[in-house]
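Colleague: I'll drop the sequence and a predicted model, then ask my questions.
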Amino acid sequence: MNNIAIKVSHLTKAYKLYDKPIDRLKESLYPLKKQYHKEFYALCDVSFEIKKGVL
């Protein structure tokens, strides 16, 4: 019997950080031109398991 309730493998979460609010608009209007953001990785390749509890 499998004793795992939740399993997460290789989870990564990145955010785009902009210096100025207008940079977000510039990047969305001209997506093939200059990138105005820097990527910030809040999570990088995180894995975990949560086992079932007893009620």
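Modeller: Great, that's in hand.

Colleague: Helix or strand: which one has the most centrally placed residue in the chain?
Modeller: With distances taken as Cα atoms, centre = their mean, the chain has K13 as the residue nearest its mean C-alpha position (1.5 Å). Using DSSP states H and E, K13 falls within strand 4-18.

Colleague: other SSEs contacting that strand?
Modeller: helix 21-29, strand 37-51 (3 or more Cβ pairs under 8 Å, 6 or more residues apart in numbering; DSSP states H and E). Any C-beta I mention is one placed from the backbone N, CA and C, and that applies to glycine too.

Colleague: Is the residue nearest to the centre of the chain in contact with E39, as I believe?
Modeller: No: between K13 and E39 there is no contact under Cβ atoms under 8 Å: 10.7 Å.

Colleague: Is Y41 bridged to anything, and to what?
Modeller: Here Y41 sits in beta bridges with A14, as judged by DSSP bridges.

Colleague: ok, it - contacts?
Modeller: Going by Cβ atoms under 8 Å, 6 or more residues apart in numbering, Y41 touches T12, K13, A14.

Colleague: The last one - how many residues pack around it?
Modeller: The burial count assigned to A14 is 11, neighbours taken as other Cβ atoms under 10 Å.

Colleague: for it, what are its contacts?
Modeller: By Cβ under 8 Å, 6+ apart, the neighbours of A14 are E39, F40, Y41, A42.
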